[in-house]
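Undergrad: give me a 3D structure for the following:
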Amino acid sequence: MANTQQTKRNLTLFGFFSLTASMVLTVYEYPTFATSKLHLIFFLILGGLFWFIPVALCAAEMATVNGWNNNGGGIFSWVSHTLGRRWGFAAIFFQWFQITVGFVTMIYFILGAFSYVLNWPALDEKPAIKFWGVLIVFWFLTFSQFWGTKYTAYIAKTGFVIGILIPSVTLFCLAIAYVVTGGKLQVQFSAHAFIPDFAKLNTLVVFVSFILAYMGVEASASHINELKNPKRNYPLAMFILVILAIFLDTFGGFAVAAVVPQKELSLSAGVVQAFKYLLLYFNSHLNWLVKIIALMIACGVMAEISSWVIGPSRGMFATAQQGILPKIFQKTNKHKVPTVLILTQGIVVTIWDAVLTFGGGSNNVSFFAAISLTVVIYLVGYLLFFIGYLVLVFKKKDLKRTYEIPGGTVIKSIVAICGLIVSIFALLISFVPPSSLPTSSHHAYLYVLIISFVITVLLPFLIYEYYLKHEHHSISTPKHMLAKDINPTTPPIARGEHHIIANSDEKNIQ
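TA: Residues are numbered from 1 along each chain as shown. Below is the predicted model of the structure:
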């Protein structure tokens, strides 16, 4: 992206809001939210006000520092300028690597829907069948992107409407009708039901799934340089977004928790279970409609994943352009797809598929371990992000920027420290087996999570050490994507912030 001062500010409040709004419909997380019952309201408010808002505000300020977008911008640039290039690479690596686990989580959700449509429970329950199911879906979607992303945005938008938006609205309406007509609720309302017991750590671990719902906003924060009247419109857009997210995610989680008994709740198929209970409550002959909705959801999430295949790898491609990765990772095919990076990503996803499916054992263990692992990987990147922001506040305060968190150094520090503390809390609590898992599964959950986390944290530093010994030539300077280049139906967490430059001709971008 050009210098922030040269960027035209033609993005309205609504236009900016629409870039991030897709993150408020996280339908595949509703069953996980449902495991916390009415505590979900507390967790959503805690995560929204004390984590999401700090990330959004700190990212916006870092994005407008003069010159920090000239080399592509984003978390790689921000952390590199504050903590050093090694840490910047680690931050962008974690931002990419978390999505390789996230692919497995989302495909588990797809398999849960297909298992109901096909009346084939083994697809969601038998590890061997589940493993191959994930591989088939993921590699099919991966190879479909090798011919370019010309139609990906259209497919993603259509899939979002048919498989995410329509089912979500239908679920909300059915849940309201269920409650109004006196349907039996699986949750009990009381004063203590809304506040979790902080003495029981295993009831707090579900908080990590709520953090996941808010992740990725820093990708949209970069577009503050295009926003009209950013001092007013940016905070307003973020507060509207967090209120909407709290409302819709509360509704979605409650819709599942209210009708599906906790003992029967499947984290991968919970939404389909909710539709089954709701539709059969109104008419016992509507099982065929449940299958249609399940198919819509499965196809919708598949369409969403198709737009995720290349998106997150854009950041890693930017590091390859700067020579941090071996030169082979700079290669693209004639459709400007970074094939080596995408194939490497596929190999990593295959490994995660094996580790989580066979290591986790039961359906809910592997699903929750996948969510927790996704979050802890990304949170390490956020720790670097917040520390980098504090360095900006205290050691680089004289750098010019077009947006600043109001209130001076004290307020800036409070905002960043709030985000940092919540990040540390979420990171630590992830390693406590959740109360929703049987005691017999606790060791499997911990083994998978701890070993995977340690290896993941070490990887970017080992790669960077290799880079120091075998320095490679860069091919071009990374370019940040503008708002007009963004597919708004792709959540920020999986979008990517950089153009893919196929050769030294900087006009040849996608």
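Undergrad: and residue 200, how many neighbours?
TA: Residues lying near residue 200 (other Cβ atoms under 10 Å) number 10. Where C-beta positions appear, they are placed from N, C-alpha and C, glycine not excepted.
Undergrad: name all residues that make contact with it.
TA: residue 435 (Cβ atoms under 8 Å, 6 or more residues apart in numbering).
Undergrad: in the stretch 51-200 of the chain, which spans are helices?
TA: For the stretch 51-200 of the chain, the helices defined by DSSP state H, counting those that start in this stretch occupy 53-63, 74-83, 85-117, 122-125, 127-144, 152-159, 166-180.
Undergrad: out of these, nearest to residue 31?
TA: helix 85-117 (8.6 Å; Cβ to Cβ).
Undergrad: buried set for the closest one?
TA: When burial is assessed from 16 or more other Cβ atoms under 10 Å, helix 85-117 yields the following buried residues: 85-117.
Undergrad: stretch 371-385 now?
TA: Applying 16+ other Cβ under 10 Å to stretch 371-385 flags 371-385 as buried.
Undergrad: let's see it as PDB, backbone CA atoms only.
TA: What follows is stretch 371-385, C-alpha atoms only, in PDB (Å, rounded to 0.1, in the frame of the first residue of the first chain):
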ATOM      1  CA  ILE A 371     -10.500 -25.000  18.500                       C
ATOM      2  CA  SER A 372      -8.200 -24.600  21.500                       C
ATOM      3  CA  LEU A 373      -5.100 -25.200  19.400                       C
ATOM      4  CA  THR A 374      -6.300 -22.600  16.800                       C
ATOM      5  CA  VAL A 375      -6.700 -20.000  19.600                       C
ATOM      6  CA  VAL A 376      -3.400 -20.600  21.400                       C
ATOM      7  CA  ILE A 377      -1.400 -20.400  18.200                       C
ATOM      8  CA  TYR A 378      -3.000 -17.100  17.200                       C
ATOM      9  CA  LEU A 379      -2.800 -15.800  20.800                       C
ATOM     10  CA  VAL A 380       1.000 -16.000  20.700                       C
ATOM     11  CA  GLY A 381       0.900 -13.700  17.700                       C
ATOM     12  CA  TYR A 382      -1.400 -11.300  19.600                       C
ATOM     13  CA  LEU A 383       0.900 -11.300  22.600                       C
ATOM     14  CA  LEU A 384       3.600 -10.000  20.200                       C
ATOM     15  CA  PHE A 385       1.100  -7.500  18.800                       C
END
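Undergrad: which non-adjacent residue is nearest residue 348?
TA: With Cβ to Cβ, 6 or more residues apart in numbering as the criterion, residue 348 has its nearest non-adjacent residue at 4.5 Å, and that residue is residue 100.
Undergrad: ok, now which ones touch the closest residue to residue 13 other than its chain neighbours?
TA: Residue nearest to residue 13 in three dimensions, not counting chain neighbours: residue 233, with 4.4 Å by Cβ to Cβ, 6+ apart. Counting by Cβ under 8 Å, 6+ apart, residue 233 touches 12, 13, 16, 227.
Undergrad: can you classify residue 233 by secondary structure?
TA: helix (DSSP: H, G, I helix; E, B strand; the rest coil).
Undergrad: next one, pLDDT for it please.
TA: Residue 233 carries a pLDDT score of 89 in this model.
Undergrad: ok, so what distance separates it from residue 124?
TA: With distances taken as Cβ to Cβ, to the nearest Å, residue 233 is found 44 Å from residue 124.
Undergrad: kindly report the same for residue 360.
TA: Taken as Cβ to Cβ, the span from residue 360 to residue 124 is 13 Å.
Undergrad: equivalent analysis for residue 262, please.
TA: 18 Å.
Undergrad: which of those two has more neighbours?
TA: The neighbour comparison of residue 262 against residue 124 (other Cβ under 10 Å) goes to residue 124, with 24 against 12.
Undergrad: surely that one touches residue 266?
TA: Yes: here residue 124 lies in contact with residue 266, judged by Cβ atoms under 8 Å, at a distance of 7.1 Å.
Undergrad: quick one: buried residues of stretch 321-329?
TA: Across stretch 321-329, burial judged by 16+ other Cβ under 10 Å covers 321, 322, 323, 324, 325, 329.
Undergrad: now the contacts of residue 233 in a markdown table, with neighbour count and pLDDT?
TA: Shown next, in a markdown table, are the contacts of residue 233 (neighbours: other Cβ atoms under 10 Å; pLDDT from 0 to 100):
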| residue | neighbour count | pLDDT |
| --- | --- | --- |
| 12 | 14 | 86 |
| 13 | 16 | 84 |
| 16 | 25 | 81 |
| 227 | 26 | 87 |
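Undergrad: quick check, nearest of those to residue 148?
TA: Looking across the contacts of residue 233 and measuring by Cβ to Cβ, the closest to residue 148 is residue 16, at 27.9 Å.
Undergrad: for residue 427, find the nearest of the helices of the stretch 51-200 of the chain.
TA: With Cβ to Cβ as the criterion, residue 427 lies closest to helix 85-117 of the helices of the stretch 51-200 of the chain, at 11.8 Å.
Undergrad: what about that closest one, distance to the chain center?
TA: Remark: helix 85-117 is offset 8 Å from the chain centroid, using Cα atoms, centre = their mean, to the nearest Å.
Undergrad: which residues in the stretch 351-500 of the chain form helices?
TA: Along the stretch 351-500 of the chain, the segments classed as helices by DSSP H, counting those that start in this stretch run 363-395, 408-429, 442-469.
Undergrad: turn the ones you listed into JSON lines, including distance to residue 29 and mean pLDDT.
TA: Shown next, in JSON lines, are the helices of the stretch 351-500 of the chain (distance: least, Cβ to Cβ, whole Å; pLDDT from 0 to 100):
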{"stretch": "helix 363-395", "distance to residue 29": "8", "mean pLDDT": "92"}
{"stretch": "helix 408-429", "distance to residue 29": "15", "mean pLDDT": "96"}
{"stretch": "helix 442-469", "distance to residue 29": "18", "mean pLDDT": "91"}
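Undergrad: can I get the ones you listed in JSON lines with distance to residue 220?
TA: Putting these into JSON lines (distance: least, Cβ to Cβ, whole Å) gives the following:
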{"stretch": "helix 363-395", "distance to residue 220": "14"}
{"stretch": "helix 408-429", "distance to residue 220": "16"}
{"stretch": "helix 442-469", "distance to residue 220": "24"}
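Undergrad: please identify the most buried of these.
TA: Highest mean neighbour count among those (mean count of other Cβ atoms under 10 Å): helix 363-395, with a mean of 23.
Undergrad: now residue 384: how far from residue 287?
TA: Residue 384 is 49 Å from residue 287, where distance means Cβ to Cβ.
Undergrad: before we move on, the earlier item: any idea how far residue 342 is from the residue nearest to residue 348?
TA: The gap separating residue 100 from residue 342 is 11 Å, by Cβ to Cβ.
Undergrad: likewise for residue 439?
TA: 40 Å.
Undergrad: now residue 409
TA: Distance of residue 409 to residue 342, computed by Cβ to Cβ: 43 Å.
Undergrad: and what of residue 358?
TA: Using Cβ to Cβ, residue 358 is found at 25 Å from residue 342.
Undergrad: I figured residue 148 hits residue 338, correct?
TA: No: with contact defined as Cβ under 8 Å, residue 148 and residue 338 do not form a contacting pair (11.9 Å).
Undergrad: the more surrounded of the two?
TA: Shown here are residue 148 and residue 338; by other Cβ under 10 Å, residue 338 has more neighbours (23 against 14).
Undergrad: surely that one meets residue 332?
TA: Yes: Residue 338 is within contact range of residue 332, at 5.2 Å (criterion: Cβ under 8 Å).
Undergrad: okay, and the common contacts of these two?
TA: With contacts defined as Cβ under 8 Å, 6+ apart, the residues shared by residue 338 and residue 332 are residue 500.
Undergrad: residue 174 and residue 275 touch, don't they?
TA: Yes: assessed by Cβ under 8 Å, residue 174 is found in contact with residue 275 at 7.4 Å.
Undergrad: please report how far residue 323 lies from residue 68.
TA: In this view, residue 323 and residue 68 are 20 Å apart by Cβ to Cβ.
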